[in-house]
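Participant: The following comprises the amino acid sequence and a computationally predicted model.
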Amino acid sequence: MEWLRSQVVVMEEVGVVTYLVITALLALTLAAFFRRQYEVWIINRIPGPISLPLVGNALSVTTDSEVLFKLGVWLVREYGQMVRVWIGMSPPVIISGARQAEVVLNNTKHLDKSHQYDFFHPWLGTTGLFISKTSDWHTRKKLLTPAFHLKVLEQFVDVFNIQSNKLVSKLKKEADGCVFDIFPYITNCTLDIICETAMGCSVNAQDNPESDYIMAIHRIQHLIQQRMIVLWMQPDFIFRLLGYAREQEELLKTLHSFTRNIVKARRKLYEQQKQQGGAGSDDEQHLGKKQRLAFLDLLLEYSEGGTVLTDEDIREEVDLFVFAGHDTTTVAINWCLYILGRHPEIQARVHEELDSIFEGTDRPATMDDIRQMKYTENCIKEALRLFPSVPYVGRQLSGDINIGKYRIPAGASVMVFTYALHRDPEQFPDPEVFDPDRFLPENASKRHPFAYNAFSAGPRNCIGQKFGMIEEKVMVSSVLRKFRIESITPMKKLKLLSEIVLRPKDGNHVRLFPRTAESPTSARGSNSVQDNNTRCQGEGS
Ligand code: HEM
């Protein structure tokens with residue numbers, strides 16, 4: 001009897017505990033549910049398309065990056081400078097106003113990149129500057145910033161000139177007024193430039209564009225790009241199942257072993273020269289007076305024998321410079337030549353400026369010449385406004401932010417849509433018009449500081465901005481010192497791809513004419529397409 005009574009007490013106690021556990025679980029679930037509902041309600045206050053339960057707007061998200069780009073433009077036109085969409089359960093918010101962009105980009109708390117950038121990890125690691133999380137990023141940015149000092153960049157002007165000259169000599173063969181795609185020429189030239197400046201070695205892409213290393217760079221970028229936008233390619237097991245993971249591993253072997261070997265060789269050279277030259281910290285002592293220092297050499301110097309940066313860290317950063325520094329400049333130079341090719345009168349002003357600087361000589365551009373290219377620089381900036389190399393900049397919020405009357409909760413992704421931001425008529429009247437004078441100091445000073453974001457803004461802006469600008473000036477001026485360019489595709493007919501960089505879907509078809517003494521700048525000189533040889537016959541324009 002006593003035993004029975006004790007059992008009843010135990011059961012009562014267990015019942016109470018179970019009851020308490022279930023109640024607590026229920027309360028937590030309800031709290032999570034209501035919190036989530038509240039967050040959904042908060043986000044749904046931001047304008048955006050109607051969404052379905054669970055999938056949200058995911059069904060409208062296409063894998064075609066041309067359609068995806070148009071979708072972004074349409075969303076902004078339809079819903080304004082702050083738009084929310086639902087991709088399954090996550091609500092990326094698209095921002096395209098200067099004031100809103102400032103709140104996101106100028107906030108030192110929200111420096112993490114959005115989760116799509118994680119697909120770069122296998123190639124570029126997790127601690128490299130471009131993709132690192134806030135904790136690693138601070139240290140890396142501080143460490144790497146001196147490598148982009150103007151004094152360091154000045155020594156790269158040689159490389160820019162040599163490779164641009166090679167580009168010009170390749171283009172001479174096309175300069176007969178026939179239509180051709182200039183995009184691959186620019187791509188190979190910028191690849192040669194970035195590899196030589198980042199690693200101190202030539203990959204010779206202009207002469208050999210199909211080497212294993214070059215092909216691997218193109219292919220891996222394509223794979224990562226696809227994975228960033230194609231939702232079903234994102235889970236690892238599907239990526240593996242479809243055979244992409246194995247292909248990616250093969251590509252990584254090619255890419256990583258190439259860079260690792262170079263890091264190893266330069267480390268050996270660095271140590272040898274350090275021993276010969278004594279323990280001084282002077283760059284010239286380390287690598288010989290006449291030797292140009294690549295970014296890699298500077299990283300070896302900053303690495304303090306592997307204690308601050310290991311060789312693998314250096315490999316990551318070098319791969320990153322190659323990635324971040326070639327596609328961005330390729331499309332920037334491409335769009336600048338494209339838009340000048342649509343505006344003969346503006347191109348003629350660039351020709352005039354270059355003629356007054358170089359006086360018809362063939363000498364390479366100096367830093368002084370580069371500083372004098374004011375009008376050319378404004379054309380480059382205006383081309384970057386209309387066609388920003390990086391159309392979207394993504395951030396993952398680590399805390400709630402308030403923008404105007406709206407709140408975006410922690411964990412959400414915010415995409416600053418630079419392409420649309422640069423077309424805000426309040427900041428850029430007649431936004432579709434190409435007008436380099438928008439960048440005259442008196443005009444630029446009237447705009448909101450975050451209205452122009454070609455190199456992003458705030459603490460996580462582009463570290464390679466000066467490098468990119470100098471490279472662009474040397475390449476664009478080298479081409480235009482020798483040629484007049486006509487672009488075939490009207491702006492309204494351009495097909496743009498929403499990728500990591502803003503790429504033309506069909507390349508950039510142009511006609512090139514040598515600039516002659518008689519008609520150096522005319523829009524239709526004696527060597528125009530009408531008088532052209534038979535190679536062009538039958539071409540549409
Ligand atoms: C016209 C040329 C270029 C343009 C338009 C450009 C644009 C940008 C933009 C918009 C960002 C911000 C991306 C984001 O936050 O998601 C960025 C970041 C970055 N860029 Fe560039 N870039 C150019 C050239 C270069 C070059 C030549 C290099 C290196 C040699 C470079 C290295 C980087 C790095 C390392 C970052 C990450 C910075 C950080 O997270 O703190 N860029 N760039």
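Facilitator: Good, I have the coordinates.

Participant: Which of the three states applies to the residue sitting nearest the centre point of the chain?
Facilitator: The residue lying closest to the centre of the chain (CA atoms, centre = their mean) is Val390, at 4.4 Å. Put simply, Val390 is coil when judged by DSSP: H, G, I helix; E, B strand; the rest coil.

Participant: That one contacts Arg503, correct?
Facilitator: No. Using CB atoms under 8 Å, Val390 is not in contact with Arg503, being 11.3 Å away. C-beta coordinates here come from the backbone N, C-alpha and C atoms, glycine included.

Participant: can you give me the mean pLDDT across the helix or strand where Arg371 lies?
Facilitator: Following DSSP states H and E, one finds Arg371 within helix 367-372. Per-residue pLDDT values across helix 367-372 average out to 98.

Participant: Run through the neighbouring helices and strands of it.
Facilitator: With contacts defined as 3 or more CB pairs under 8 Å, 6 or more residues apart in numbering; DSSP states H and E, the packing partners of helix 367-372 are helix 344-358, helix 465-482.

Participant: Now do the buried residues in the longest one.
Facilitator: Buried residues in helix 465-482, counting neighbours by 16 or more other CB atoms under 10 Å, are found at 467-482.

Participant: ok, now the shortest one?
Facilitator: Residues Pro344, Ile346, Gln347, Ala348, Arg349, Val350, His351, Glu353, Leu354, Ile357, Phe358 are the ones in helix 344-358 that count as buried (16+ other CB under 10 Å).

Participant: among the helices and strands packed on helix 367-372, which is nearest the ligand?
Facilitator: Nearest to the ligand among these is helix 465-482; the distance by CB to the nearest ligand atom comes to 2.9 Å.

Participant: and the closest one with the ligand, contact?
Facilitator: Yes. Residues of helix 465-482 are located near the ligand by CB under 6 Å from any ligand atom, namely Phe467, Gly468.

Participant: Hey, what's the angle from that helix to helix 344-358? Just curious.
Facilitator: Helix 465-482 runs at 100 degrees relative to helix 344-358, counting by axes from the mean of the first three to the mean of the last three CA atoms, to 10 degrees.

Participant: backbone phi and psi for Asp181, please?
Facilitator: Torsion angles at Asp181 (phi, psi; degrees, to the nearest 10) stand at phi -90, psi 120.

Participant: which ones are touching the residue nearest to the centre of the chain?
Facilitator: Thr328, Thr418, Ala454, Ser456, Ile500, Val501, Leu502 (CB atoms under 8 Å, 6 or more residues apart in numbering).

Participant: can you tell me which of the residues you listed are in strands?
Facilitator: Within those, residues falling in strands by DSSP state E are Leu502.

Participant: could you flag which of the contacts of Val390 are buried?
Facilitator: By 16+ other CB under 10 Å, these give Thr328, Thr418, Ala454, Ser456, Ile500, Val501, Leu502 as buried.

Participant: These: which two are farthest apart?
Facilitator: Spanning the widest gap among the buried ones among the contacts of Val390 are Ala454 and Ile500, at 14.7 Å by CB to CB.

Participant: residues in this structure within reach of the ligand, list them.
Facilitator: Residues of the chain found near the ligand (CB under 6 Å from any ligand atom) are 113, 129-130, 141, 320-321, 324-325, 328-329, 332, 389-390, 393, 454-456, 460, 462-464, 467-468.

Participant: Can I get the buried part of these as one PyMOL selection?
Facilitator: Command for PyMOL that selects the buried part of those, burial taken from 16+ other CB under 10 Å:
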select buried, resi 113+129+130+320+321+324+325+328+329+332+389+390+393+454+455+456+460+462+463+464+467+468
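
Participant: Next, check the residues of the chain next to the ligand against the helices and list the overlap.
Facilitator: Among those, DSSP state H puts Lys141, Leu320, Phe321, Ala324, Gly325, Thr328, Thr329, Ala332, Phe467, Gly468 in helices.

Participant: Out of the helices and strands in the protein, which is least certain?
Facilitator: helix 283-287 (a mean of 45; mean pLDDT, DSSP states H and E).

Participant: Glu486 falls within a strand, correct?
Facilitator: Yes. Counting by three-state DSSP, Glu486 is found in a strand.

Participant: The residue nearest to it when sequence neighbours are not counted: which element?
Facilitator: Sequence neighbours aside, Arg511 is the residue nearest to Glu486 in space, at 4.4 Å (criterion: CB to CB, 6 or more residues apart in numbering). When elements are assigned from DSSP H and E, Arg511 belongs to strand 509-514.

Participant: Which elements pack onto that strand?
Facilitator: strand 180-181, helix 311-342, strand 483-487.

Participant: Can you list the low-confidence ranges for the stretch 251-400 of the chain?
Facilitator: For the stretch 251-400 of the chain, residues meeting the criterion pLDDT under 70 lie at 278-291.

Participant: Nearest to the ligand within it, name that residue for me.
Facilitator: Using CB to the nearest ligand atom, the single residue of the stretch 251-400 of the chain nearest to the ligand is Gly325, 3.1 Å away.

Participant: Return the distance of the closest residue to that residue other than its chain neighbours relative to Leu296.
Facilitator: Nearest residue to Gly325, sequence neighbours excluded (CB to CB, 6+ apart): Ile194, at 4.4 Å. In this view, Ile194 and Leu296 are 12 Å apart by CB to CB, to the nearest Å.

Participant: what about those two, which has more around it?
Facilitator: Between Ile194 and Leu296, counting by other CB atoms under 10 Å, Ile194 is the more crowded of the two (29 against 26).

Participant: Pretty sure the more buried one sits in a strand.
Facilitator: No. The assignment for Ile194 by three-state DSSP gives helix, which leaves it out of any strand.

Participant: residue ranges with poor pLDDT in this structure?
Facilitator: Residue ranges of the chain with pLDDT under 70: 1, 3-4, 7-8, 10-11, 278-291, 517-535, 537-541.

Participant: Check the secondary structure at Asp430 for me.
Facilitator: Classification of Asp430 using three-state DSSP returns coil.

Participant: swap in Glu174?
Facilitator: coil.

Participant: which residues touch Phe119?
Facilitator: Counted by CB under 8 Å, 6+ apart, Phe119 has contacts Ile224, Arg227, Met228, Gln234.

Participant: Now do the host helix or strand of Lys170: which elements does it pack against?
Facilitator: Per DSSP H and E: Lys170 is located in helix 157-172. Other elements packing on helix 157-172 under the criterion 3+ CB pairs under 8 Å, 6+ apart are helix 183-199, helix 465-482.

Participant: So which elements touch the shortest one?
Facilitator: Read it as helix 183-199. Counting contacts by 3+ CB pairs under 8 Å, 6+ apart, helix 183-199 packs against helix 157-172, helix 212-229, helix 244-277, helix 295-302, helix 311-342, helix 465-482.

Participant: what about the one residue in the chain that gets nearest to the ligand, distance to Ala324?
Facilitator: Going by CB to the nearest ligand atom, the ligand is nearest to Gly464 of the chain, at 2.2 Å. Distance, Gly464 to Ala324, using CB to CB: 6 Å.

Participant: Can you pull the phi/psi pair for Cys201?
Facilitator: The phi/psi pair for Cys201 (degrees, to the nearest 10) reads phi -140, psi 160.

Participant: residues touching it, list them.
Facilitator: Cys195, Ile262, Ala294.

Participant: and those, which are buried?
Facilitator: With neighbours counted by 16+ other CB under 10 Å, the contacts of Cys201 contain buried members at Cys195, Ile262, Ala294.

Participant: Distance-wise, check the first one relative to Leu320.
Facilitator: Counting by CB to CB, the gap from Cys195 to Leu320 is 13 Å.

Participant: Go ahead and confirm Ile403 touches Glu102.
Facilitator: No. Here Ile403 does not reach Glu102: they are 9.5 Å apart, not a contact under CB under 8 Å.

Participant: just to revisit the earlier point, residue contacts, the residue of the stretch 251-400 of the chain closest to the ligand?
Facilitator: Going by CB under 8 Å, 6+ apart, Gly325 touches Thr190, Ile194, Thr197, Ala198, Gly464, Phe467, Gly468.
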